[in-house]
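S.K.: attaching a predicted model along with its sequence, questions to come.
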Amino acid sequence: MGSTADKFSGVANEAVGKIKESTGKVTGSDKLEAEGLAQQAKGKAEKLAGDAKQAVKDATNKVADAVNKKL
């Protein structure tokens, strides 16, 4: 997955996780609440992965630009 796809997936998982957590709290379902918290954590991890990929891509582009200027 690319950085944008990871970030998008992360945001979506966080949103769905929050809904599950809230629904679990309202209905008294500890299982649903826990699933929501787990899905939110997964979403945060996906967003971090996307950010890391983007940082590597940006750094690589800067190095390539610097090399090209010296050629």
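M.R.: Sure, I can see it.

S.K.: element containing the most centrally placed residue in the chain?
M.R.: In the chain, the C-alpha nearest the mean C-alpha coordinate belongs to K47, at 1.7 Å (CA atoms, centre = their mean). Using DSSP states H and E, K47 sits within helix 30-70.

S.K.: excluding sequence neighbours, find me the nearest residue to the residue nearest to the centre of the chain.
M.R.: Nearest residue to K47 in three dimensions, chain neighbours excluded: G10, at 3.4 Å (CB to CB, 6 or more residues apart in numbering). (C-beta placed from N, C-alpha, C; glycine too.)

S.K.: again, but for Q39
M.R.: Leaving aside its chain neighbours, Q39 sits nearest to G17 (3.3 Å; criterion: CB to CB, 6+ apart).

S.K.: pull the number of nearby residues for that neighbour.
M.R.: Using other CB atoms under 10 Å, G17 has 20 neighbouring residues.

S.K.: and if you look at D51?
M.R.: Applying other CB under 10 Å, we find 14 other residues in the vicinity of D51.

S.K.: please renumber so the chain begins at 172
M.R.: Got it, first residue is 172 now, which makes that one D222.

S.K.: verify the contact between the residue nearest to Q210 and L208 for me.
M.R.: Yes: in terms of CB atoms under 8 Å, G188 counts as a neighbour of L208; the distance is 6.8 Å.

S.K.: ok, the residue nearest to the centre of the chain to V182 distance?
M.R.: Separation of K218 from V182 (CB to CB, to the nearest Å): 7 Å.
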